[in-house]
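Visitor: Compute the structure for the input listed below.
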Amino acid sequence: MLPSWLTEPLWGQFAALLPERPEYHPDHPLGCHRPRISDRIIFDKMLQLLRFGCSYQAIADTTCSATTIRNRRDEWIRLGVFAKIKQIALESYDRIVGLVLDQIAVDGSITKAPGGGEVAGSSPVDRGKQGLKRSGMTDGYGIPLGRVLAGANRHDSPLLAPTLDRLEDLGPLPEDVTVHLDAGYDSDKTRALLDERSLHGRIAHKGEKAPIQASQRWHVERTHA
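Guide: Take a look at the predicted model:
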């Protein structure tokens, strides 16, 4: 379990983003009203999921079911709570430590999606099973700035534009921004896209082997890992 000195401040910030709800009255006239599971219980379960990487079924217990966790997660997504907490985290990190926004790295990775989903697709590296392509973007030190999800059978390069669109959430950028990309993005289309956005590109060349340490794109590889 995570220590209370860490979870309590997190919960305080998270709870401030949740809408107010009417109090539960146990004297329901039909005697059949089930009380809503506390948001705090679900929040703690979500932290455990992130900490241990286990399934919803594995983390469920007598306090709440896996279905309840999923339903509350979807409710919070619709309310935009996670998007707000992400923005707060990025702004706080930038203020306290500082985001390295003059060096950006973008790359895609394939993950499993056994439960399917709206954007899941046949995985070319997992015998055609359901999977996701995650196009992720990090700053120059590997701090996640945004991501785009697509089917596992999608190529990385068409996802570059919507991934770079996530930069708009960060406010003013430095005058000179370099985007580090692997050879999968080595095309005139990619270079034209970067020019349109006034971004510099450092792109590995197809057919030329080079250690990933030769450029700063290893930061996004580390973050994916």
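Visitor: And for the host helix or strand of Asp195, what's in contact with it?
Guide: Using DSSP states H and E, the element containing Asp195 is helix 188-196. With CB atoms under 8 Å, 6 or more residues apart in numbering as the test, helix 188-196 has contacts from 157, 160-161, 164, 179, 181, 200-201, 203. To be clear about C-beta, it is placed using only N, CA and C from the backbone, and glycine gets the same treatment.
Visitor: Now the element after the lowest-mean-pLDDT helix or strand in the chain, going C-ward?
Guide: Every helix and strand in the chain was compared by mean pLDDT, DSSP states H and E; the lowest is strand 121-122, with a mean of 80. Per DSSP H and E, the first helix or strand lying C-terminal to strand 121-122 is strand 130-138.
Visitor: ok now that following strand, how far from the chain's centre?
Guide: Strand 130-138 sits 9 Å away from the centroid of its parent chain (CA atoms, centre = their mean, to the nearest Å).
Visitor: go on, stretch 56-70?
Guide: The answer for stretch 56-70 is 22 Å, by CA atoms, centre = their mean.
Visitor: Ok, stretch 174-184 next?
Guide: On CA atoms, centre = their mean, the centre of stretch 174-184 falls 20 Å from that of its chain.
Visitor: So which bits of that stretch are buried?
Guide: 177-182, 184 (16 or more other CB atoms under 10 Å).
Visitor: Can you give me the end-to-end span of that stretch?
Guide: Start-to-end span of stretch 174-184 (CA to CA, to the nearest Å) is 26 Å.
Visitor: for the longest helix along the chain, packing partners?
Guide: In terms of residue count, the longest helix belonging to the chain (DSSP state H) is helix 81-96. For helix 81-96, the elements it packs on are helix 4-15, judged by 3 or more CB pairs under 8 Å, 6 or more residues apart in numbering; DSSP states H and E.
Visitor: okay, the helix or strand that comes right after the helix it packs on in CSV with CA atoms only?
Guide: Beyond helix 4-15 in the direction of the C-terminus, DSSP H and E gives the next helix or strand as helix 39-52. Output in CSV follows, covering the C-alpha atoms of helix 39-52 (Å, rounded to 0.1, in the frame of the first residue of the first chain):
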residue,chain,number,x,y,z
ASP,A,39,-15.6,7.7,-3.9
ARG,A,40,-12.7,7.4,-1.5
ILE,A,41,-12.8,3.6,-1.6
ILE,A,42,-12.8,3.6,-5.4
PHE,A,43,-10.0,6.2,-5.4
ASP,A,44,-7.8,3.9,-3.2
LYS,A,45,-8.6,1.0,-5.5
MET,A,46,-7.5,3.0,-8.5
LEU,A,47,-4.2,3.8,-6.9
GLN,A,48,-3.7,0.2,-6.1
LEU,A,49,-4.4,-0.7,-9.8
LEU,A,50,-1.8,1.9,-10.9
ARG,A,51,0.7,0.8,-8.3
PHE,A,52,0.6,-3.0,-8.8
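Visitor: Residues touching the longest helix of the chain, excluding its own?
Guide: Here helix 81-96 has contacts from 13-14, 17-18, 76, 99, 143, 145, 169-170, using CB under 8 Å, 6+ apart.
Visitor: mind listing what's buried in that helix?
Guide: 81, 85, 90, 94.
Visitor: Between which two of these is the distance greatest?
Guide: Spatially, the most separated pair among these is Val81 and Asp94, at 20.6 Å (CB to CB).
Visitor: so which strand or helix has the residue lying closest to Asp186 once chain neighbours are set aside?
Guide: The shortest distance from Asp186 to any non-neighbouring residue, by CB to CB, 6 or more residues apart in numbering, is to Lys206 (4.8 Å). Under the criterion DSSP H and E, no helix or strand holds Lys206.
Visitor: Having no further points to raise, I will conclude here.
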